[in-house]
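Asker: Let's see this in three dimensions:
(chains A, B, C and D)
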There are 2 protein chains.
Amino acid sequence: MSGTERMMTPSLRKQHERCADCGIRNRAVCSYCGPQELGLLDTIKFYRSYDPGQEIVAAGEQTDFLGSVVEGVVSLSKTMPDGRRQMVGLMFASDFVGRPMRPIAPYDAVAVTPVRLCLFNRGRFERLLKDTPVLEKRLLEMTLDELDAARDWMLLLGRKSAREKIASFLAILARRAASADNVDADDGFFFDLPLTREQMADYLGLTIETVSRQITALKKDGVVEFPDARRCRVPDFVALLDAAGEDSDGGMID
Amino acid sequence: MSGTERMMTPSLRKQHERCADCGIRNRAVCSYCGPQELGLLDTIKFYRSYDPGQEIVAAGEQTDFLGSVVEGVVSLSKTMPDGRRQMVGLMFASDFVGRPMRPIAPYDAVAVTPVRLCLFNRGRFERLLKDTPVLEKRLLEMTLDELDAARDWMLLLGRKSAREKIASFLAILARRAASADNVDADDGFFFDLPLTREQMADYLGLTIETVSRQITALKKDGVVEFPDARRCRVPDFVALLDAAGEDSDGGMID
DNA sequence: GGTTCTCATTGACGCAAATCAAGTGGGAAC
DNA sequence: GTTCCCACTTGATTTGCGTCAATGAGAACC
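Answerer: Presented below is the predicted three-dimensional model:
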């Protein structure tokens, strides 16, 4: 059985109902609409937009809000005193940004693409959290998911070669696209590459030059194609997982 | 003002009350005794011991228990198909092991030193969790702390040199020792080094040879001393932070 | 059209850490 | 004592990635 066939299981094709309140695709996953029945948070929410490259919060800054990514991509990154930078989080639509009970941000949050956030007043949100165990449980689940992602990322940073890092990153994006969109896997996986080379380098613990070289190499080997500058096609997902140094079994199973 | 002086603030010297039920030093931090007043979990807890090197759970295995580390050190690590290994977690006394609502372990958990765990039946613990928001909140806090640690670790893995990695790791242990024990900072910081070179290499994304060489170099530079094979002394914490590539301001402030 | 951005690619070179390979020291068993 | 075993150290060599530098390709603007 080929990996392409595997990826066409119904669980990957399911369409999510879009949340009417905040625009997030999967209402059940939306961090504030999901947990409660009829918009408990409606009275304290507001929206804010950011341009690509715009700083949302700086490391060490006090934040008076928490929220969800409605659309766009947000990066979280840490910077060393001498300027070396490492991305430590990459948030997409429906991801929760900001840490309850932790008003000081330990990293910079920057808009990668045009971003729209749905925000809540921190104090009011935390008070609501106290009386809404189901919301707390949702946050715990999301935090556990982030921790899982962080640990996979640590394996990538500590033990993978530059080529494997790039392939792993593309596999993450391909997986995301496969579970979010209605994919026609017969023709491979298409997805947008929202990051610049520099941002990818920050994500992967590499330099832009190495990122560029390894992408060129993967193209040469037919593992990925770039029909458009910012659009990527993966003809064979199993080949990509192989290049990522990952077990091809279970890659798309949920 | 020197960094050594800074580290003698009262908050670093405070002694914690030891939990009478499970032996964990700080009862307020103990993941199950802390949240409720009189041992709600007492009826479902049991203890288990492990020898150094002994596997607690294997990646992919289903776990029927959750719990706290009572004493000893537990490592969590991921292994690639070809055998490359990266540690992704290091748990000490009072840390929570196992993930609620996630019965399949995504990594190996191994006893580094002799370990004693206080365990709870998973099903019963999760049922209790549902009715005990304060316990859930405690778990959320601990998960957020782990996520913070994971993100610092990602910066280490992605951007630090071998020397900086070693120094950072020793600084983490020194900080732990300083906040847990009654430290006499006048004579520097003493702490045990519970890991072998191989385990340190797995933690830091290095090889044993590189770990060995960099420790030798740090000894030669007077940043650390090893009066005993497994005992470490840091004469000047600021010098260690400097070698770690970290800002020496705020290193020990909580 | 040209100029000036920014982002990406490609090449030449150097170095830090991995790899390969001995060699050391210390503790346990006998 | 001797032997074995293990963790650790040290040295020689290789290599993957970083660094430095030049070039290319669009997009925005005058």
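Asker: Hmm, A:Pro103 is touching A:Arg122, no?
Answerer: Yes. A:Pro103 lies in contact with A:Arg122 (C-beta atoms under 8 Å); the separation is 6.7 Å. Where C-beta positions appear, they are placed from N, C-alpha and C, glycine not excepted.
Asker: Look at these two and report which has more neighbours.
Answerer: More neighbours surround A:Arg122 than the other of A:Pro103 and A:Arg122, with 21 against 15 (other C-beta atoms under 10 Å in any protein chain shown).
Asker: can you tell me the helix or strand for the residue nearest to A:Arg102 when sequence neighbours are not counted?
Answerer: Leaving aside its sequence neighbours, A:Arg102 sits nearest to B:Leu144 (C-beta to C-beta, 6 or more residues apart in numbering or on different chains; 6.4 Å). Using DSSP states H and E, B:Leu144 falls within helix B:133-159.
Asker: how far off helix A:133-159 does that helix point, in degrees?
Answerer: Interaxial angle, helix B:133-159 versus helix A:133-159 (axes from the mean of the first three to the mean of the last three C-alpha atoms, to 10 degrees): 20 degrees.
Asker: Could you list the buried residues of stretch A:71-85?
Answerer: Neighbour-count burial for stretch A:71-85 flags A:71-80, A:84-85 (criterion: 16 or more other C-beta atoms under 10 Å in any protein chain shown).
Asker: Okay, now that stretch: how far is its last residue from its first?
Answerer: End-to-end distance for stretch A:71-85, by C-alpha to C-alpha, to the nearest Å: 25 Å.
Asker: what does it rub up against?
Answerer: A:23, A:50, A:56, A:59, A:86-93, A:95, A:97, A:106-117, A:194-195, A:199, A:202-203, B:151-152, B:154-155, B:159-160, B:245-247 (C-beta atoms under 8 Å, 6 or more residues apart in numbering or on different chains).
Asker: Of the residues you listed, keep whichever come out buried.
Answerer: A:23, A:50, A:56, A:86-93, A:95, A:97, A:107-113, A:115-117, A:194-195, A:199, A:202-203, B:151-152, B:154-155, B:159-160, B:245-246.
Asker: before we move on, the earlier item: which ones among the contacts of stretch A:71-85 map onto helices?
Answerer: With helices taken from DSSP state H, the overlap with the contacts of stretch A:71-85 comprises A:199, A:202-203, B:151-152, B:154-155, B:159.
Asker: Show me the two of the residues you listed that sit farthest apart.
Answerer: Greatest spatial distance in the ones in helices among the contacts of stretch A:71-85: A:Gln199 and B:Asp152, 20.3 Å, computed using C-beta to C-beta.
Asker: in the stretch 101-250 of chain A, what residue is nearest DNA strand D?
Answerer: For the stretch 101-250 of chain A, the residue closest to DNA strand D is A:Thr210, as judged by C-beta to the nearest atom of the strand, at 3.1 Å.
Asker: was I right about that residue contacting A:Ala162?
Answerer: Yes. With contacts counted by C-beta under 8 Å, A:Thr210 reaches A:Ala162, the gap being 5.0 Å.
Asker: related to what we said a few turns ago, what touches both of A:Pro103 and A:Arg122?
Answerer: What both A:Pro103 and A:Arg122 touch, as defined by C-beta under 8 Å, 6+ apart, is the set A:63-64.
Asker: I'd like the distance between A:Ala239 and A:Leu156.
Answerer: Distance from A:Ala239 to A:Leu156, counting by C-beta to C-beta, to the nearest Å: 18 Å.
Asker: what do you get for A:Met91?
Answerer: Noted for A:Met91: a distance of 18 Å to A:Leu156, by C-beta to C-beta.
Asker: what's the answer for A:Arg138, then?
Answerer: 27 Å.
Asker: Mind checking which of those two has more residues around it?
Answerer: Higher neighbour count among A:Arg138 and A:Leu156: A:Leu156, with 25 against 21, using other C-beta under 10 Å.
Asker: What residues does the more buried one make contact with?
Answerer: Neighbour list for A:Leu156: A:164-165, A:168-169, A:204 [criterion: C-beta under 8 Å, 6+ apart].
Asker: what does chain A have sitting close to DNA strand C?
Answerer: Residues of chain A that fall close to DNA strand C, judged by C-beta under 7 Å from any atom of the strand: A:196-198, A:208-209, A:211-213, A:215-216.
Asker: Kindly recompute the last result at 6 Å.
Answerer: Contacts of chain A with DNA strand C, taken as C-beta under 6 Å from any atom of the strand, map to A:196-198, A:208-209, A:212-213, A:215-216.
Asker: Quick check: pLDDT value at A:Ala28.
Answerer: You'll see A:Ala28 listed with a pLDDT of 46.
Asker: Flag the shaky bits of chain A, pLDDT-wise.
Answerer: For chain A, applying pLDDT under 70 flags the ranges A:1-43, A:180-186, A:249-254.
Asker: domains for it, by residue range?
Answerer: Chain A resolves into domains spanning A:31-153, A:161-243 when parsed by automatic domain parsing.
Asker: how far is the last one from where the chain is centred?
Answerer: Average the C-alpha atoms of domain A:161-243, do the same for its chain, and the two points are 14 Å apart (C-alpha atoms, centre = their mean, to the nearest Å).
Asker: now stretch A:138-151
Answerer: Relative to its parent chain, stretch A:138-151 has a centroid offset of 12 Å by C-alpha atoms, centre = their mean.
Asker: Contacts made by that stretch with the rest, please.
Answerer: Counting contacts by C-beta under 8 Å, 6+ apart, the residues outside stretch A:138-151 that touch it are A:31, A:34-35, A:88-89, A:95-96, A:100, A:129, B:76, B:78, B:88-89, B:99-102, B:106-107, B:136, B:139-140, B:143-144, B:146-147, B:150-151, B:154.
Asker: If you tally nearby residues, what's the number for A:Arg231?
Answerer: With other C-beta under 10 Å as criterion, A:Arg231 counts 12.
Asker: In space, what's closest to it - neighbours in sequence excluded?
Answerer: That would be A:Asp192: by C-beta to C-beta, 6+ apart, it lies 6.1 Å from A:Arg231.
Asker: Roughly how far does the one you found sit from DNA strand C?
Answerer: Separation of A:Asp192 from DNA strand C (C-beta to the nearest atom of the strand, to the nearest Å) stands at 12 Å.
Asker: same question, A:Arg48
Answerer: Taking C-beta to the nearest atom of the strand, one finds A:Arg48 at 22 Å from DNA strand C.
Asker: beta partners for that residue?
Answerer: Beta-bridge partners recorded for A:Arg48 (DSSP bridges): A:Leu117.
Asker: Tell me if I'm right that it and A:Leu117 touch.
Answerer: Yes. Between A:Arg48 and A:Leu117 there is a contact at 5.2 Å, judged by C-beta under 8 Å.
Asker: ok, the nearest residue to A:Ile56 once chain neighbours are set aside - contacts?
Answerer: Leaving aside its chain neighbours, A:Ile56 sits nearest to A:Ala109 (4.1 Å; criterion: C-beta to C-beta, 6+ apart). Going by C-beta under 8 Å, 6+ apart, A:Ala109 touches A:55-57, A:74-76, A:97.
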